[in-house]
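Trainee: Make a model of this:
(chains A and B)
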Amino acid sequence: MNFEEHAAKPLLKAAGIVVPDGGLAISADEAASLAGKIGPCVIKAQVPTGKRGKAGGIALAATPDEARAEAARILQLEIAGFPVNSVLVEQQVPIKKEFYAAVLNDSDTKGPLLLFSAEGGMDIEEIAEKHPDALVRLPIDIREGLNRKAIESALPPIDGVNREALVDTLEKLYEAYIRNDAELMEINPLVTTQDGRVIALDCKFSLDDSAIRRHEELARSGAPDKLTELEQRGQDIGFKYIELEGSVGVLSNGAGLTMTTMDAISHYGGEPANFLEIGGNAFVLGKQALEVVLGNPRVKSLLINFCGAIARTDVMTGGVLEAWDDVDPQVPVFWSISGTGEDEAKAMLKEKLGTAPYPTMDEAVKAAVEAVQ
Amino acid sequence: MIVHGNESVLVQGITGTQATFWSERMKEYGTQVIGGVNPKKAGTQHLDLPVWGSAEDAAKDQEAVIDCSCVIVPPPGVKSSVLDALDAGIKKLVILTEHVPVHDVMYFLAAAREAGASVIGPNTAGIVTPGECFVGFMPAFNERVFKPGSIGVISRSGSLGTLVCLDMVQAGFGISAFIGIGGDPVIGTTTRDALQCLDEDPKTQAVALVGEIGGGMEEEAAEYAKGMNKPIVSFMAGAASPPGKKMGHAGAIVMGDKGSYAGKKKALEAAGVSVLPTPSMLPGALKELLPA
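Mentor: Predicted coordinates:
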C-alpha cells in the first residue's frame, strides 16, 4: 500500500527526523492561507506516484497570491492518471546539498537494506545508472537493528555536512521503517542547509500489504489503489482481478497458473481480458468469480483453467456451476481441469452442462482464442 | 531441500481445517508425520497423533531429533512458530502460510541462517518426493501428476508446478522431486538454492525450472546453471502481464527493467537454458536434450 507524501512525512517526524513546516490544502484559498502563515513556500501535488516535478506538479510561491494561483493550477492537473485532489504547502528550505536515502526490504540479502547516495536530486534508478559507485548499500540484520558505527563506517567522506546530524537522520529513518512495517521508506531528497540542519524534503512510504492487519489505523491514511469498478468488486469479495485490454476472459487458480494462462492466450494469438485467480484460500469463490469475469463487456470467450494443488478443482468447479444459471453466460466457455479433485469436477461438469474439459490447457486455450477470431 | 520418506515431520498448526485435511493426505501418502503443535490443545490427540504445546516440547517428548517442520499457522503466529522450531533443533522448515509480514520473514530467516536450518517459503505449496512423501498442499497422491521418476521440478507456484508435473508425466517422464519455493518477495530457499539441490540429488537427471516475473532469482539461478551438467528446460510465467502491477503473488511485479520477462529469458538463454513459450512444451524440449 502506497502513501502520499503528506501521509508519509508524519512518520518521519514521529521518528525524530526534521521535515519542513507546512500543511495540506484541498483548495487554492486554503493554500493561500497556509502560505500567509509560513511565508515563501513550495506547493506540491499529492498523488501516489513519482515524477511530479516533471509533470508540473511542484511550484514555488513567494506570496499568498502566488500560492493561490499555483495551487489552483496544480489542483486541475492529472498526473500519471491520478487527479490531484490536494496539495502540500511547505516552507521553502535553503538547500546546500541534496542526498538520497532509503531503507527497503531486500530480496537478495533477505533483510533490510540501507541505501544512501551523496548524489541526490534524481530518482534511484538514475543514481544507480549514473553514479553506481556513489551508492552506499548497507545490509542490516533485523534482529540487531541498525548500528550507528556501521552507518559511520559505510558513509563516504562528504564535504560540508554535519555528519553527526546525517548519521542521526539515517538511524531514525531505519526506526521509521521498522515501526511502520515498511516495504520502502525513502527520503529523496534529503538535504543539508547552510546552517547545518539535515531535513527530509520528500518521503515515499509503502506499507507491506501483509502487515496491514497490525497497522489498521495507519492504513486508513494510505492512498487507495486506482481500481476499475470490477477490480474494486474483486477486492471487496476477496480475490485478485485485474482488468486488461483483450477479449479472452480468464478464470483460473493460483498466481503462477493464471499468469501462464494469459501467456498461453497471447502465444496462440489472442489477448487476455483479465487476470483473475481464486487460488489459495479464495478457491471457494467460484460463483462470484464467474460474475466478475463476465461483467467485463469486452469478454467474447471465457477460458476456465483449473489445476488443483491446495485449491480443489471440485470446489472451484462446483462454485462456478452453482452461479451458472444466474449468470447465464452468453459467450462460449472452454474448460481445462486437472489436479486435486479433478474426477469429481469432471463429473459435475458432465452432469450440469453435458460437456467435458479439453484434455490439455493448450487445447482449451487455442479453442478459446479461435472463438473470438 | 528434499524431504525423504524416512524423515520425521512435525505439523505446527495441525488442528486447523486446511492443516487437518493435508496432514491426513501426508500420512496416507507415507510422510512420517509424528504429530503437531497447538499451544491451546497441548496433550490432546488429533488424527490419532499427539498434539504438543510447542516444537520444543515435541522434541523433548520424542527424545529424538525432528527432521522437518511444516508450518501452517495463521500469519501473526508464524514468526514465533519458526523460532520455536529452530529452538527445537529442526533443520528443515516448510512454511505454507501466505501473507506473513515481510519484517517477520526477514527476522526468522536471519535466525534460521544462524542455526544452520533451511527454510522453504513462506507462501509455498510445499515439496514432493514422489513415491516417498510430501510436505505441503500438493496432490502428490495423484499418479497422473506425480509418478516417480528422474525429473526435478522447481516452481514458485503450486498450481503451475502441478501443471508442469502433469505435463511431464503425460509425456512419459516421472518426477524425482518437486520443490515449490513460494511466491513471496523474500523467501528462504531461492531458485538457485533449489537448482543446486536438484543438481546434487542423485535421483534427478534433468530439471524443469519454472520461474515468474519479478525479482532477480531466475537470473541468479542462471549463473549457477552455467556450471551444471544436467539438462535444464524452463518456462517463465508472466510474459503477457502488464508492468507495475502485482500479479497475485506479492513477488510477481515488474518495476522498470527489474524482474522483466525479457531480462530473465536473456539470462537463462545466455546460460544455455531454453525458455519455452508454454509449459506444455517443456517435455518435448527435454526429450531432445536427454539420451533416448
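Trainee: Now name the helix or strand holding A:Met122.
Mentor: Using DSSP states H and E, A:Met122 falls within no helix or strand.
Trainee: Pull up the residues of the stretch 201-350 of chain A that are close to chain B.
Mentor: Residues of the stretch 201-350 of chain A found near chain B (C-beta under 8 Å from any C-beta of the partner chain) are A:208-211, A:213-214, A:240, A:242, A:244, A:252-260, A:262-267, A:272, A:275, A:277, A:279-281, A:307-311, A:338-340, A:342. The way it works is simple: take the backbone N, C-alpha and C, and place the C-beta from them, glycine included.
Trainee: Could you list the low-confidence segments of the chain?
Mentor: No chain specified, so I'll use chain A. Along chain A, the model assigns pLDDT under 70 to residues A:279-282.
Trainee: Chain B is the one I meant
Mentor: Applying pLDDT under 70 to chain B flags the ranges B:246-258, B:292.
Trainee: got the domain boundaries for it?
Mentor: As given by automatic domain parsing, the domain ranges for chain B are B:8-120, B:142-289.
Trainee: and those as TSV, adding mean neighbour count and distance to A:Lys300?
Mentor: Putting these into TSV (neighbours: other C-beta atoms under 10 Å in any protein chain shown; distance: least, C-beta to C-beta, whole Å) gives the following:
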stretch	mean neighbour count	distance to A:Lys300
domain B:8-120	20	33
domain B:142-289	22	17
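Trainee: hmm, back to that, now the residues of the stretch 201-350 of chain A next to chain B: which count as buried?
Mentor: Among those, those buried by neighbour count (16 or more other C-beta atoms under 10 Å in any protein chain shown) are A:208-211, A:240, A:242, A:244, A:252-260, A:262-267, A:272, A:275, A:277, A:279-280, A:307-311, A:338-340, A:342.
Trainee: So for chain B, the centremost residue is which one?
Mentor: A centroid search over chain B (C-alpha atoms, centre = their mean) returns B:Gly180, at 2.6 Å, as the residue closest to the centre.
Trainee: Contacts only, for the closest residue to chain B within the stretch 101-250 of chain A.
Mentor: Proximity of the stretch 101-250 of chain A to chain B (C-beta to the nearest C-beta) peaks at A:Ala211, 3.9 Å away. The contact partners of A:Ala211, by C-beta atoms under 8 Å, 6 or more residues apart in numbering or on different chains, come to A:181, B:101-103.
Trainee: again, but for A:Arg179
Mentor: Going by C-beta under 8 Å, 6+ apart, A:Arg179 touches A:11, A:14-15.
Trainee: how about the helices in chain B?
Mentor: B:17-29, B:55-62, B:78-87, B:102-115, B:158-170, B:191-200, B:217-225, B:261-270, B:282-289 (DSSP state H).
Trainee: correct me, but A:Pro332 touches A:Val299?
Mentor: No - counting by C-beta atoms under 8 Å, A:Val299 is not a contact partner of A:Pro332; they are 10.6 Å apart.
Trainee: and these two? which has more neighbours close in?
Mentor: Applying other C-beta atoms under 10 Å in any protein chain shown to A:Pro332 and A:Val299 shows that A:Val299 carries more neighbours, namely 22 against 14.
Trainee: From B:Gln205, how far out is the more buried one?
Mentor: 43 Å (C-beta to C-beta, to the nearest Å).
Trainee: related to what we said a few turns ago, is it true that the residue of the stretch 101-250 of chain A closest to chain B lies in a helix?
Mentor: Yes - according to DSSP: H, G, I helix; E, B strand; the rest coil, A:Ala211 belongs to a helix.
Trainee: A:Ser210 - nearest residue in space that isn't next to it in sequence?
Mentor: B:His99 (4.3 Å; C-beta to C-beta, 6 or more residues apart in numbering or on different chains).
Trainee: cool, B:Lys92 as well?
Mentor: In this structure, B:Lys92 finds its nearest non-sequential neighbour in B:Cys68, 4.1 Å apart by C-beta to C-beta, 6+ apart.
Trainee: In the stretch 1-150 of chain B, what residue comes closest to chain A?
Mentor: Counting by C-beta to the nearest C-beta, the stretch 1-150 of chain B gets nearest chain A through B:Phe137, at 3.5 Å.
Trainee: name the element the closest residue to that residue other than its chain neighbours belongs to?
Mentor: Excluding the flanking residues, the one nearest B:Phe137 by C-beta to C-beta, 6+ apart is A:Ile310, at 3.5 Å. Under the criterion DSSP H and E, no helix or strand holds A:Ile310.
Trainee: follow-up on the earlier one: the residue nearest to the centre of chain B contacts B:Phe134, correct?
Mentor: No - judged on C-beta under 8 Å, B:Gly180 makes no contact with B:Phe134 at a distance of 10.1 Å.
Trainee: any shared contact partners between those two?
Mentor: Common contact partners of B:Gly180 and B:Phe134 (C-beta under 8 Å, 6+ apart): B:126-127.
Trainee: for chain A, longest helix please?
Mentor: Longest helix in chain A, counting by DSSP H: helix A:163-179.
Trainee: now A:Gln92, nearest residue through space, not along the chain?
Mentor: Closest to A:Gln92 by C-beta to C-beta, 6+ apart is A:Pro40, at 4.7 Å.
Trainee: and residue 130, how many residues sit next to it?
Mentor: Going with chain A. Neighbourhood size, A:Lys130 [other C-beta under 10 Å]: 11.
Trainee: That was the other one, I meant chain B.
Mentor: As a burial measure, B:Pro130 scores 24 neighbours (other C-beta under 10 Å).
Trainee: contacting residues for it?
Mentor: Counting by C-beta under 8 Å, 6+ apart, B:Pro130 touches B:140, B:146-149, B:174-178.
Trainee: any idea how far it lies from A:Ala368?
Mentor: With distances taken as C-beta to C-beta, B:Pro130 is found 32 Å from A:Ala368.
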